[in-house]
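Undergrad: Coordinates for the following, if possible.
(one chain, ligands or ions: 1)
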Amino acid sequence: MPELPEVETVRRALAAAMEDRQILHAHVGRPDLRWPLPDRLASRLEGRVVGGLQRRGKYVLLPLDQGETMLLHLGMSGSIRIHQAQPPIGKHDHIVLTMGSGMANAPESWIVLNDPRRFGWLDLYRGEVHPMLVDMGPEPLGNSFSADHLVAALAGRKGPIKTALLDQALVAGIGNIYACEALFMAGLSPRRKAGTIRGGRADRLVAAIRSVLASAIEDGGTSLRDHVQPGGEIGYFVQRLTVYGRDGQLCGTCGATIRRITQSGRSSFYCPDCQR
Ligand SMILES: [Zn+2]
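TA: You can find the predicted model right below:
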């Protein structure tokens with residue numbers, strides 16, 4: 001499932017292909033993904049010029065001229081491909097946007113949204129903030145995410161810190177993978193009570209969250225530059241993971257065996273010696 005670094009990589013790739021370009025044609029292959037798609041989606045997109053792309057949490061925001069913004073969430077299995085020649089439309093290619101630029105407005109690239117399980121989501125809205133984003137917590141790489149914010153938001157929480165980090169109202173964009181990785185880097189057990197994260201622990205956790213996300217975004221940027229497969233999925237790059245998915249393997253720091261436990265229905269991976 002794409003998390004913040006993957007979505008940021010998608011945003012950067014889409015920005016290069018879509019910003020200041022016109023949507024010449026929109027193919028909408030079905031009426032719904034996770035939820036019904038907006039009414040008359042294709043005609044509301046066609047002819048629009050795309051402005052500066054933004055990201056909020058795991059959402060990509062694409063402002064259009066004439067005042068609407070397109071909101072995109074890739075869900076569990078959604079992916080984006082960008083083609084320089086018109087691709088055949090595959091079974092799970094639900095939306096294809098033909099982008100053009102220049103005076104002639106000749107087609108220049110094709111943006112394909114593929115989503116076999118259809119947990120993804122796309123909406124069009126007017127106004128400042130989409131209702132889904134109103135209660136979202138601060139961006140973890142932004143200035144309003146700090147140890148003070150984290151301590152205040154966790155105070156009194158009795159559940160485990162791992163589960164709290166997945167709460168998008170606490171901090172935006174963190175999913176299962178980077179929650180596990182950040183807790184490892186901070187030396188904190190995923191089972192630790194959220195409300196006990198204070199002082200130096202809060203400082204370490206904020207620094208670790210920023211660090212794992214920033215280096216993953218860097219890896220995403222590298223994968224974009226090195227992108228050689230035509231039609232490859234954007235945003236899925238090789239992640240450098242220290243604990244996630246490595247249960248039974250040895251911790252690179254201390255040599256203990258990495259464990260997997262289930263918390264709120266999600267797998268957590270951690271080193272029982274390094275993380276307390
Ligand atoms: Zn260890």
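Undergrad: could you pull out the helices for the stretch 51-200 of the chain?
TA: 147-154, 161-165, 176-186, 199-225 (DSSP state H, counting those that start in this stretch).
Undergrad: The longest one - contacts with which helices or strands?
TA: In other words, helix 199-225. helix 4-18, helix 147-154, helix 176-186 (3 or more C-beta pairs under 8 Å, 6 or more residues apart in numbering; DSSP states H and E). In short, each C-beta sits where N, CA and C put it, glycine included.
Undergrad: of all those, which lies closest to Ala164?
TA: Among the helices and strands packed on helix 199-225, the nearest to Ala164 by C-beta to C-beta is helix 147-154 (6.1 Å).
Undergrad: List the buried residues for that closest one?
TA: Buried residues in helix 147-154, counted by 16 or more other C-beta atoms under 10 Å: 147, 149-151, 153-154.
Undergrad: Now narrow the residues you listed to whatever sits close to the ion.
TA: Here nothing survives when these are matched to the ion using C-beta under 5 Å from the ion.
Undergrad: Could you list the low-confidence segments of the protein?
TA: 102-104, 227-231 (pLDDT under 70).
Undergrad: can you pull out the strands in it?
TA: 22-28, 54-56, 59-63, 69-73, 79-83, 93-101, 106-114, 121-125, 233-234, 259-263, 266-270 (DSSP state E).
Undergrad: Just put those strands in JSON lines and tack on distance to Gly195.
TA: Putting the strands of the chain into JSON lines (distance: least, C-beta to C-beta, whole Å) gives the following:
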{"stretch": "strand 22-28", "distance to Gly195": "46"}
{"stretch": "strand 54-56", "distance to Gly195": "27"}
{"stretch": "strand 59-63", "distance to Gly195": "29"}
{"stretch": "strand 69-73", "distance to Gly195": "30"}
{"stretch": "strand 79-83", "distance to Gly195": "38"}
{"stretch": "strand 93-101", "distance to Gly195": "43"}
{"stretch": "strand 106-114", "distance to Gly195": "40"}
{"stretch": "strand 121-125", "distance to Gly195": "33"}
{"stretch": "strand 233-234", "distance to Gly195": "39"}
{"stretch": "strand 259-263", "distance to Gly195": "16"}
{"stretch": "strand 266-270", "distance to Gly195": "18"}
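Undergrad: Which one, of these, ends up nearest to the ion?
TA: For the ion, the closest of those is strand 266-270, at 8.8 Å, according to C-beta to the ion.
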